[in-house]
Structure formats: structure tokens, C-alpha cells
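Q: structure, please.
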Amino acid sequence: MTVPAQDLLSLRGKTAIVTGGGTGIGAETARIFVRHGIDGVVLAARTEADLQRVRTELLELGAQAGNLGVRVLAVPTDVKKEDSVVALVEATIAEFGRVDVLVNNAGGTRMGPLEDTPTKAWDSVFDLNAKGPFLCTREAGRHMIAAGSGTIVNLSSGAGVTGVRYGAGYSAAKAALQMFTRVTAAEWGRHGIRANCIAVGGIASERASAAWEVAGLDQEQLGRGTALGRIGVPADIGNAILFLASDASAYVSGQTFSVDGGALLGGPPTDD
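A: Okay, here's the model as predicted:
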């Protein structure tokens, strides 16, 4: 029997934790989850004002989308700190009694020449991009194992696939996250848990756009470096996260997918 696509993408009856949920990709992912019927969303980030703003927006969106019963919990969290992550998962279980989806979206970088990189900066990049997802996965995963099901989506970067100059720590941390995803999937598949990763390309989130403006980078020019000829937007990633979080990807695990507008390859010049 063929199952309609809208049913495969439905998140009815599920609860999700979204780290970095106060802005950008995380906030947009939460909006997409609400539109697809999720019962509960837990927003985690360091800035409480951002969390509360998005929480209010999601409740209003739920009413507009016919998801009147959606509940949204905002939990200020620093994913680099173990006690903060433990508190996040405990709050989720206390409120909802379960965690079905974990989106490890929180991340960031500090660019600079390798020879000038302080040890503290290297450690900070790894704590945010590799240790944070490990802590969240371990704590949420214990409840997923007990339930016999769950989906984990980790947010990596194209830097973790190809590397980026002046981003040695970031590239290494994101590559580590991709291998962590693969091993998580291998170990926990027998518990009905799937883990996948997205290698994100250039996305015009609020913070990225502001950083590009400060650096004097033109978004249209950046977009011309992709096969599709445009920069990405948070929804481009949020929709891919929905696919990996839902039953539409029920036989997909341990994979890293590049969502980056496609690569421009070498070859003869064109008239474009």
C-alpha cells in the first residue's frame, strides 16, 4: 500500500529538541516541524530572549496551521556544558515524557590562520561543534533506546567534507561530527534509532548575513559559486531536516548529505 507523502512527512505524536533554536536554521526548522503537526518542540539556545520570541511565534503558527495542540518549551542551554545539556533533556522528559527527534543544530566557528590559532579557540570550536552534539546525543539517546525508536539529525558543514582554509579547527570538528553520526547510526540502529547528518553550504541566516556584511561579502556573488547560482536560505536546510526526521527517510541512516546548491565543476568555458 502506498502511503501519501504528506503522511510520511507528518510529525504527529512526536516531540523534538532543536538546539540553536533561537535563530536561523534552528528556528526555521521548528516552524517547519509545527507546520507538519509535531506535538512538542523544545527550543534550546543560550539567549532566552530569542527562545521566547520564537516560542511565541510557534504557538501562533500552530493556531494558523491547524496544529492547535502544539506545545513549545524554551530551555536556555549551553550545549558545551554537560550539566546544561542534562538539564535540557530532563526538562524535555518532565514536560513531554519522551524525545523522538533530536536536531543538533547549534554550532559556529572562529576563522584564522592555523599558526595563530590559540589552544583555547581550538577547544572552544570542538566543544561547540563536536562535544555539544555528543552530549545531546548521549543524553537524549538514552531515552530513545528505552523507547526503541528515535531520529537524530546533526548539522555539519561543507567545511567538514572539503575543508576550508583558515578554518582548521572548524573543518576538523565538523568532519568529526560526520563520523560521530556514522558510528551512532551503527551502534544504535538495533534500537530503532536513525542518525544522519547534513553538510550545510552557504545559508543566509540572520547571523551569517550580518557577518558577510561586516566582511564586505556580497551574497549574490557568493551564490554564483554554486551550481544553482544562489545562496541558500534556512528553509532549504529545514526541509532537508524534516525529511531526515520523518518516516519519509525510514531506511536512511548513517549518512551525510550535502545541501549546498551544488558544486561548480571544472570544464570548458560556457557562454553564461
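Q: what segments of the chain are strands?
A: Assigned by DSSP state E, the strands in the chain fall at 15-19, 40-45, 71-76, 101-104, 150-157, 193-200, 256-259.
Q: highest average neighbour count across those strands?
A: Mean neighbour count, computed with mean count of other Cβ atoms under 10 Å, is highest for strand 101-104 among those, reaching a mean of 29. Every C-beta, even on glycine, is put in place using the N, C-alpha and C of the backbone.
Q: point to the helix or strand of the protein where mean pLDDT is at its lowest.
A: helix 206-215 (a mean of 77; mean pLDDT, DSSP states H and E).
Q: now could you export just the CA positions of that helix as CSV?
A: Only the C-alpha atoms of helix 206-215 are listed here, as CSV (Å, rounded to 0.1, in the frame of the first residue of the first chain):
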residue,chain,number,x,y,z
GLU,A,206,20.4,36.4,10.2
ARG,A,207,23.8,36.0,11.8
ALA,A,208,25.5,34.8,8.6
SER,A,209,24.1,37.7,6.6
ALA,A,210,25.3,40.1,9.2
ALA,A,211,28.8,38.5,9.3
TRP,A,212,29.0,38.7,5.5
GLU,A,213,28.1,42.3,5.5
VAL,A,214,30.7,43.1,8.1
ALA,A,215,33.3,41.2,6.0
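Q: please name the nearest non-neighbouring residue to V125.
A: By the measure of Cβ to Cβ, 6 or more residues apart in numbering, the closest residue to V125 outside its immediate chain neighbours is G169, 4.1 Å from it.
Q: quick one: pLDDT of the one you found?
A: According to the prediction, G169 has pLDDT 97.
Q: contacting residues around it?
A: Counting by Cβ atoms under 8 Å, 6 or more residues apart in numbering, G169 makes contact with T109, R110, T117, A121, W122, V125, F126.
Q: neighbours of the first one, how many?
A: The one in question is T109. 20 (other Cβ atoms under 10 Å).
Q: isn't it up against W122?
A: No - using Cβ atoms under 8 Å, T109 is not in contact with W122; the gap is 11.2 Å.
Q: and the most centrally placed residue in the chain, how far from A16?
A: In the chain, the centroid-proximal residue (Cα atoms, centre = their mean) is N105; its distance is 3.0 Å. Separation of N105 from A16 (Cβ to Cβ, to the nearest Å): 11 Å.
Q: A195: what's it in contact with?
A: Contacts of A195 by Cβ under 8 Å, 6+ apart are T137, T151, I152, V153, N154, T181, R182, T184, A185, W188, S253, G254.
Q: how many residues are close by the residue lying closest to the last one once chain neighbours are set aside?
A: The spatial neighbour of G254 that comes closest, neighbours along the chain excluded (Cβ to Cβ, 6+ apart), is A185 at 3.3 Å. Other residues lying near A185 total 19 when counted by other Cβ under 10 Å.
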